[in-house]
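In: predicted model and sequence below, questions to follow.
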Amino acid sequence: MKLKVGLLGGGSWGTTVASLTAKNSPTIIWARDEEIVNEINEFHTNEKYLPHAKLTPSLRASTSIKETVEDADVIVMGVPSQSLRKVLEEAKPYIRPWVPVINLAKGLELNTKKRMTEIIEEILPENPAGVLTGPNLAKEIHFGKAAAAVIAMVDHNIASRLQTVFSSGLFRVYTNDDVIGCELGGALKNIIAIATGMGDGANAGDNTRAAIITRGLSELTRLGVAMGGKKSTFAGLAGMGDLVATCSSSKSRNHHVGFQLGRGKKLEEIISEMNEVAEGVKTAKVVMELAKEYQVDMPISREIYKVLYEGNTVNDAFKGLIKYEVGSEKEPG
Ligand SMILES: NC(=O)C1=CN([C@@H]2O[C@H](COP(=O)(O)OP(=O)(O)OC[C@H]3O[C@@H](n4cnc5c(N)ncnc54)[C@H](O)[C@@H]3O)[C@@H](O)[C@H]2O)C=CC1
Ligand SMILES: O=C(CO)COP(=O)(O)O
């Protein structure tokens, strides 16, 4: 039996994933923008978010959350982190209690500091929650370039069943039972991608980028493990894999924000010129609070936070990192 997919969120990644699942399973994507819904149904495109991409013709779009989720056997949340709670609350009355809910967003909720699957479990305590994550730049995957992802769920049997819904051609999906680690890997790397983008924008060089990626992995692993993730997860696709892809790609929106900061642009100006989300900007705030709460040192994230929110310059950030006392590679810092 083919599972029916209901995906909420019509941005670049939501549309890409819906187009992938539509190859395997009947899929409806919900977007709040009627023009996008009509465009997907009539022309099988979503030019605003995926320019020049042709979507799977069987993918249907709807402006109705109810229609999208009421018959779905799996719900996929493709809206950004700060909107997930609101959209899921709206969908809740129509979602059947056993249906798995899979998060695609890579961020943490500002007021509660919660991961997305924690919010799903809070709103829908009976539904199994999971996350699809990994080095998955939408604009590459959509054009059929090979990539690997992880579906993380506590229940291995459900994860295995869903593997077949998300896997497609050159998009290979592995299972993992470490939901916390996988979800944190995806959220925390965005701040490090802003840092490497800043370095690239300021022409810091390839060695600098490699140092930021490596030490960035070290600090996000420290926080991730303190919060309950497994160390090995951060060495896998959801950790190092996503970190490397996002930190080295001009297709990453977080890297783009950093790059423009490195070129001297103001944050407000950069954000106002983008029509897509860069989750790391808000996640940086949450991570500073979490670092304090878990007493974990996160020097790179802290310098990025100061540039984003305390008026520090890119130069201040690099000076701040250089001033930081150098210890053993195995120790924090
Ligand atoms: N684009 C990518 O390459 C990848 C993105 N992600 C993650 O997926 C999540 C979604 O990202 P994208 O699709 O890329 O973002 P996007 O910026 O391309 O699109 C976001 C979509 O969400 C919609 N949206 C925002 N708030 C909403 C609300 N309250 N109600 C209804 N719709 C709302 C917007 O209208 C837009 O269609 C993010 O957390 C991102 O980190 C994860 C992997 C890859
Ligand atoms: O998470 C991503 C790739 O895995 C996408 O990164 P950006 O949101 O920075 O574009």
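Out: Noted; the coordinates are in hand. For clarity, every value in this text was computed on a predicted model and none was experimentally measured. Ligands and ions are numbered 1, 2, ... in the order given.

In: which pLDDT value belongs to the residue nearest the centre of the chain?
Out: Note on the chain: the residue nearest the mean C-alpha position is K106, at 2.6 Å, using C-alpha atoms, centre = their mean. On pLDDT, K106 comes in at 98.

In: pretty sure it contacts E279?
Out: Yes. Between K106 and E279 there is a contact at 5.3 Å, judged by C-beta atoms under 8 Å. In short, each C-beta sits where N, CA and C put it, glycine included.

In: got any residues that touch both of these two?
Out: Residues touching both K106 and E279 (C-beta atoms under 8 Å, 6 or more residues apart in numbering): 81, 187, 190.

In: nearest to ligand 2, of those?
Out: When the shared contacts of K106 and E279 are compared for distance to ligand 2 (C-beta to the nearest ligand atom), N190 comes out closest, at 5.8 Å.

In: can you classify the closest one by secondary structure?
Out: The three-state label given to N190 by DSSP: H, G, I helix; E, B strand; the rest coil is helix.

In: quick one: it and T56, what's the gap?
Out: 28 Å (C-beta to C-beta, to the nearest Å).

In: E329 belongs to a helix?
Out: No. The assignment for E329 is coil, going by three-state DSSP, so no helix is present there.

In: contacts only, for K2.
Out: 24-26.

In: how about this protein: which residue is closest to ligand 1?
Out: G11 (1.8 Å).

In: which SS class is the closest residue to that residue other than its chain neighbours?
Out: Closest residue to G11 apart from its sequence neighbours, by C-beta to C-beta, 6 or more residues apart in numbering: Y49 at 5.2 Å. In three-state terms, and counting by three-state DSSP, Y49 is coil.

In: look at Y49 and report its pLDDT.
Out: In this prediction, Y49 has a pLDDT value of 96.

In: how many neighbours does it have?
Out: With neighbours defined by other C-beta atoms under 10 Å, the count for Y49 comes to 21.

In: near ligand 1, which residues of the chain?
Out: Within the chain, the positions near ligand 1 by C-beta under 6 Å from any ligand atom are 9-14, 31-32, 49, 78-81, 83, 86-87, 104-107, 136-138, 276-277, 279.

In: which among those residues count as buried?
Out: With neighbours counted using 16 or more other C-beta atoms under 10 Å, those contain these buried positions: 9-14, 31, 49, 78-81, 87, 104-107, 136-138, 277, 279.

In: so where do the strands sit in the stretch 101-250 of the chain?
Out: Under the criterion DSSP state E, counting those that start in this stretch, the stretch 101-250 of the chain contains strands at 101-103, 129-133, 147-153, 171-176.

In: quick check: residues of this protein near ligand 2?
Out: Within the chain, the residues that sit near ligand 2 (C-beta under 6 Å from any ligand atom) are 106, 135-137, 190, 193, 242, 245-246, 252-254, 279.

In: just checking, which of the residues you listed belong to helices?
Out: If you go by DSSP state H, the residues of the chain next to ligand 2 have 190, 193, 242, 245-246, 253-254 in helices.

In: need the residues you listed in TSV with pLDDT and neighbour count, can you?
Out: Supplementary listing: these in TSV, determined by pLDDT from 0 to 100; neighbours: other C-beta atoms under 10 Å:
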residue	pLDDT	neighbour count
N190	98	32
A193	98	32
D242	98	30
A245	98	21
T246	98	27
R253	98	23
N254	98	26
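
In: nearest to F143, of those?
Out: The closest of these to F143 turns out to be A245 (C-beta to C-beta; 15.1 Å).

In: state the distance from the residue nearest to G216 when sequence neighbours are not counted to ligand 2.
Out: With C-beta to C-beta, 6+ apart as the criterion, G216 has its nearest non-adjacent residue at 3.4 Å, and that residue is I192. With distances taken as C-beta to the nearest ligand atom, to the nearest Å, I192 is found 11 Å from ligand 2.
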